[in-house]
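1. no FASTA, just this:
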DNA sequence: CACGTCT
């Protein structure tokens, strides 16, 4: 009775053996991503949605490719009269904001074009008298903005970001990647796995490069308490340079034990300085040792990509002075760099579980040499969804290695990990009262469903940064849209977005161009943004820990902050219990838009009511070989197909529902 | 049930 033969369909009896990545075999969007990833094949790209009257998504020749058949001369004349005969023969849609009057905006010229080509004559013209346009005719099938100094013949076949020097130096063609932007520890880029060419530092002898400047400003007070804890002078100096001279309580508590090589269980809310608490001892331990190819000696696991980046960025300068190499291993980022880093040998990984497991399965990483394993946000890492991945990874590390586990709370699941993987751990807790700091006020507002939108908008329209937490990804998109429609500049942040979008949004929130972040719990933990004055929980948290974590985004570093939780009548009771568990003292009060309490919280500002649009992203730095981030991960559907309740590959529906489906 | 975490 063979029922079907689709290799990738769920077998009814579940007995068909599938290869490793069975879960993803039926993903059509995997193919799409793969297609997206090949930026060097722009001509086949079917979709460049280049609307002629709007900002083009892609630059230059892609716009041309989109309309290959249209010769320049018969192209419709644009409404502005400049496209008459002394103008270029083709539209300049590839320029940013091409829909605007172009002539008075010379600033958008691309720098890499010789200026003399641009001014008053159509640059594609080869004959000054305007009789012939042979080059213009050629251009229909290739980039307009050709660099004049490059051979023309190559261009159509070559990816746009190719390095120029490759034409000159074919002998270096072993690989196509450009220079690594993220790792300066070595310059080699070949494929021979067994030759470890010495890094520049090594060739010169001792690590000279970064040490000297540190010594320069080595004004470390005698009573520096980091030094007293046993931190290496170089690290102390580097910290002092950033004004970090006094350890936080959790650091004082955990560092000595961690340095002594013991397993440590540190309990403290995010923002209490945990990163340095485990970071410094880890760096000390890894410093000076030898790391083999693909066998890192340290591993820091964190639950979200943003957090991974944050930890990575915080430790990077410190790692540098200790001559420790580190690498961010997380989803949504290109594989090749991560694999290459591992191959070359990297001391310390800062990783999200999924990608690291994947790399281990691929053989790109081997955790058998991990001397220090750190679990950050362990209480989150140990919940139902993460636990299997975490144990998988920890199982791959040698049991005699040191384990540092930092967590906000110590519930059952964390306890399980502690019992299984930590030996004789020392436990240190700092005041867990962090969440209820006196500078933070809590408000529980019981509202009518019909008022939720307007109340949210009113609260979010205050001056200063605000984070609005919601329960679902779709909800985040929807509320962000609603807020913008009401005149509040807000952007959504959730795991269903491209990593590029996540980064962009977070950047804009940090730099202030988008003051309101509408986020799922992806932003609940660890994300540090200064001066978030208000946290609005448009949906109440699922549990008390989430309340504390969400609340912890405000009133950081001694600042003031408020947490407002909107409750529908039926959520009132649950919230009261949650507040008790969280140690939050607040009484639910009824509220409606315009109430005194609300205006007090907002300072009286109201939404303008006029729709606003998200600002364009800041001009990107060079997107090196990456060509842009992709890898949506935007799959709303499961991910883990436990439950096995049949082959309901529900497809999850479209990712972006365009708001408006509501209507109170 | 939702969230997060590999493509």
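-> Everything's here; your move. Please read all numbers here as calculations on a predicted model, not as lab measurements.
2. which regions of chain A sit below the pLDDT cut-off?
-> For chain A, the stretches flagged by pLDDT under 70 are A:1-219, A:270-271, A:412, A:431-437, A:618-664.
3. hey, where'd the strands end up in it?
-> Assigned by DSSP state E, chain A shows strands spanning A:264-267, A:298-301, A:326-329, A:348-351, A:372-375, A:402-407, A:426-429, A:440-446, A:465-469, A:490-493, A:516-519, A:532-537, A:561-567, A:588-590.
4. list the contacts of the closest residue to residue A:448 other than its chain neighbours.
-> Here the nearest residue to residue A:448 in space, its sequence neighbours aside, is residue A:592; by CB to CB, 6 or more residues apart in numbering that works out to 7.0 Å. For glycine as for every other residue, the C-beta is placed from the backbone atoms N, C-alpha and C. By CB atoms under 8 Å, 6 or more residues apart in numbering, residue A:592 lies in contact with A:447-448, A:451, A:455.
5. name only those of the residues you listed that count as buried.
-> The neighbour-count test (16 or more other CB atoms under 10 Å) marks A:447, A:451, A:455 as buried among the contacts of residue A:592.
6. would you mind measuring from the last one to residue A:327?
-> Looking back up the chat, that one is residue A:455. To residue A:327, residue A:455 is 44 Å away according to CB to CB, to the nearest Å.
7. check the first one too.
-> When CB to CB is the yardstick, residue A:447 and residue A:327 sit 47 Å from each other.
8. could you do residue A:445 as well?
-> Taking CB to CB, one finds residue A:445 at 45 Å from residue A:327.
9. with residue A:360 instead?
-> In terms of CB to CB, residue A:360 sits 14 Å off from residue A:327.
10. what about residue A:381, how many residues close to it?
-> 25 (other CB atoms under 10 Å).
11. run through the residues that contact it.
-> Each residue near residue A:381 by CB under 8 Å, 6+ apart is listed here: A:301-303, A:353, A:375, A:387, A:390.
12. again, only this time at 6 Å
-> Contacts for residue A:381 (CB atoms under 6 Å, 6 or more residues apart in numbering) come out as A:303, A:375, A:390.
13. wait, the first one sits on residue A:380?
-> It stands for residue A:303. Yes: with contact defined as CB atoms under 6 Å, residue A:303 reaches residue A:380; the gap is 4.7 Å.
14. count the residues that sit near the nearest residue to residue A:229 once chain neighbours are set aside.
-> Spatially, and ignoring its direct neighbours in sequence, residue A:229 is nearest to residue A:255 (4.6 Å; CB to CB, 6+ apart). For residue A:255, the neighbour count with other CB under 10 Å is 26.
15. and what of residue A:398?
-> Residues near residue A:398, counting by other CB under 10 Å, number 11.
16. give me phi/psi at it?
-> As for residue A:398, its main-chain torsions (degrees, to the nearest 10) stand at phi -60, psi 140.
17. circling back to that earlier point, for DNA strand B, see how far away the residue nearest to residue A:448 is.
-> In this view, residue A:592 and DNA strand B are 28 Å apart by CB to the nearest atom of the strand, to the nearest Å.
18. ok, that residue to residue A:478 distance?
-> As judged by CB to CB, residue A:592 and residue A:478 stand 22 Å apart.
19. ditto for residue A:418
-> Per CB to CB, residue A:418 is found 40 Å from residue A:478.
20. then residue A:235?
-> Using CB to CB, residue A:235 is found at 46 Å from residue A:478.
21. out of the contacts of residue A:381, who's the most crowded?
-> Counting neighbours by other CB under 10 Å, residue A:375 comes out on top of the contacts of residue A:381 with 30 neighbours.
22. my guess is it contacts residue A:301. True?
-> Yes: between residue A:375 and residue A:301 there is a contact under CB under 6 Å: 5.3 Å.
23. residue A:442 reaches residue A:563, doesn't it?
-> Yes: with contact defined as CB under 6 Å, residue A:442 reaches residue A:563; the gap is 5.0 Å.
24. more neighbours: the two, which one.
-> The residue with more neighbours, out of residue A:442 and residue A:563, is residue A:563; 26 against 20, by other CB under 10 Å.
25. now do the same contact list for the more buried one.
-> A:442, A:535, A:551.
26. what's the closest of those to residue A:371?
-> Set against residue A:371, the nearest of those by CB to CB is residue A:551 (35.8 Å).
27. burial count for that closest one?
-> Neighbourhood size, residue A:551 [other CB under 10 Å]: 27.
28. again, but for residue A:615
-> Neighbour tally, residue A:615, other CB under 10 Å: 12.
29. write out the residues of the stretch 201-350 of chain A neighbouring DNA strand B.
-> Taking CB under 7 Å from any atom of the strand as the contact definition, the stretch 201-350 of chain A meets DNA strand B at A:303-306, A:330-333, A:335.
30. of the residues you listed, which is the nearest to residue A:539?
-> Residue A:539 has its nearest neighbour among these in residue A:304, at 18.8 Å by CB to CB.
31. show me the contacts for the nearest residue to the closest one once chain neighbours are set aside.
-> In space, residue A:304 comes closest to residue A:522 once its chain neighbours are excluded; the distance is 5.6 Å by CB to CB, 6+ apart. By CB under 6 Å, 6+ apart, residue A:522 lies in contact with A:304, A:494-495.
32. ok, residues contacting stretch A:385-399?
-> Here stretch A:385-399 makes contact (CB under 6 Å, 6+ apart) with A:353, A:357, A:367, A:370, A:373, A:381, A:421.
33. from those residues, which are also near DNA strand B?
-> Contacts with DNA strand B within these, counted by CB under 7 Å from any atom of the strand: A:353, A:357.
34. quick one: buried ones out of the contacts of stretch A:385-399?
-> By neighbour count, with 16+ other CB under 10 Å, the contacts of stretch A:385-399 hold A:353, A:357, A:367, A:370, A:373, A:381, A:421 as buried.
35. mind listing what's buried in stretch A:511-523?
-> Across stretch A:511-523, burial judged by 16+ other CB under 10 Å covers A:514-523.
36. give me the subset of the residues you listed that also touch DNA strand B.
-> When contact is defined as CB under 7 Å from any atom of the strand, the buried residues of stretch A:511-523 meet DNA strand B at A:520-522.
37. what is the nearest of these to residue A:243?
-> Among those, residue A:522 lies closest to residue A:243 (CB to CB), at 30.1 Å.
38. just give the nearest non-adjacent residue to residue A:240, would you?
-> residue A:220 (5.1 Å).
39. nope, residue A:370 is what I meant
-> residue A:397 (4.1 Å).
40. measure the one you found to DNA strand B for me?
-> Going from residue A:397 to DNA strand B by CB to the nearest atom of the strand gives 17 Å.
41. need phi/psi at that residue.
-> Main-chain dihedrals, residue A:397, degrees, to the nearest 10: phi -90, psi 150.
42. neighbours of it, just the number please.
-> The number of residues packed near residue A:397 is 20, by other CB under 10 Å.
43. ok, it to residue A:294 distance?
-> Distance of residue A:397 to residue A:294, computed by CB to CB: 14 Å.
44. give the buried residues for the longest helix seen in chain A.
-> Longest helix in chain A, counting residues (DSSP state H): helix A:305-321. Within helix A:305-321, the residues scored as buried using 16+ other CB under 10 Å are A:305-312, A:315, A:318-321.
45. got those residues as JSON lines, with distance to residue A:225 columns?
-> Formatted as JSON lines, the buried residues of helix A:305-321 follow (distance: CB to CB, whole Å):
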{"residue": "A:305", "distance to residue A:225": "33"}
{"residue": "A:306", "distance to residue A:225": "30"}
{"residue": "A:307", "distance to residue A:225": "27"}
{"residue": "A:308", "distance to residue A:225": "28"}
{"residue": "A:309", "distance to residue A:225": "28"}
{"residue": "A:310", "distance to residue A:225": "24"}
{"residue": "A:311", "distance to residue A:225": "22"}
{"residue": "A:312", "distance to residue A:225": "25"}
{"residue": "A:315", "distance to residue A:225": "20"}
{"residue": "A:318", "distance to residue A:225": "16"}
{"residue": "A:319", "distance to residue A:225": "21"}
{"residue": "A:320", "distance to residue A:225": "22"}
{"residue": "A:321", "distance to residue A:225": "19"}
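46. this completes my enquiry, with thanks.
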